[in-house]
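Student: Pasting the sequence and the predicted coordinates here, then a few questions.
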Amino acid sequence: MGAITYDIEIPSSIPAAKMFKAVVLDADTLIPKIMPQAIKSVEILEGDGGVGTVKIIHFGEGSQYKSAKHRVDAIDTENLTHTYTIVEGDALADVLESITYHVKIVPTEDGGCICKNRSIYHTKGDVEITEENIKEGKEKALAMLKAIEAYLQANPDA
């Protein structure tokens with residue numbers, strides 16, 4: 001099994017704690033509300049939302065995938081970090097064992113933040129992940145963060 005890692009950093013004008021709340025703590029209800037074409041719903045299969053929680057994500061009609069099961073590996077509300085792993089689902093196809101995401105929201109001096117995301121693709125055997133696949137993943141992450149940012153700007157009390 002191999003591993004391919006890529007990092008993305010997305011600046012935002014939203015304060016770090018508010019972005020963390022939206023991207024991590026409220027994501028299960030917020031993203032289906034603002035991007036139903038991407039994610040239709042999120043269902044907790046076991047756990048309370050903390051470490052060890054297993055969720056199933058039902059993708060929207062705009063997605064090429066149906067569902068993915070993910071496990072919360074770590075969550076730190078003080079340091080604004082979150083780690084989770086996709087462990088099952090058609091998003092893994094037949095080429096991936098799992099995908100682990102490390103999210104860190106870093107405050108910036110101007111009152112905004114930088115959303116840092118490290119994605120680690122654990123491949124089956126000697127499968128290669130193409131630059132095209134990585135670019136597609138980065139574009140989806142950027143679109144989701146920008147949609148959340150726009151929602152938070154339009155709804156300052158959210």
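Tutor: Happy to help now that I have it.
Student: now the strands: where do they sit in this structure?
Tutor: Using DSSP state E, the strands of the chain run over 3-12, 39-46, 54-59, 67-76, 81-89, 96-107, 113-123.
Student: so where is this structure shaky, pLDDT-wise?
Tutor: Low-confidence segments of the chain, defined by pLDDT under 70, span residues 1.
Student: redo that, cut-off 80
Tutor: Residue ranges of the chain with pLDDT under 80: 1, 126-131, 133-134, 137.
Student: who wins for proximity to residue 149 among the strands of the chain?
Tutor: When the strands of the chain are compared by CB to CB, strand 3-12 sits nearest residue 149, at 5.1 Å. Every C-beta, even on glycine, is put in place using the N, C-alpha and C of the backbone.
Student: The closest one pairs with which strands, parallel or anti?
Tutor: The strands beside strand 3-12 in its sheet (DSSP bridges) come out as strand 113-123 (antiparallel).
Student: Run through who's touching the strand it pairs with.
Tutor: The contact list for strand 113-123 (CB atoms under 8 Å, 6 or more residues apart in numbering) reads 1-12, 14-16, 19, 23, 95-108, 129, 137, 141, 145.
Student: next one: it to chain centre, how far?
Tutor: Computed by CA atoms, centre = their mean, to the nearest Å, the separation of strand 113-123 from the middle of its chain amounts to 8 Å.
Student: tilt between it and strand 96-107?
Tutor: Relative orientation of strand 113-123 and strand 96-107, computed by axes from the mean of the first three to the mean of the last three CA atoms, to 10 degrees: 170 degrees.
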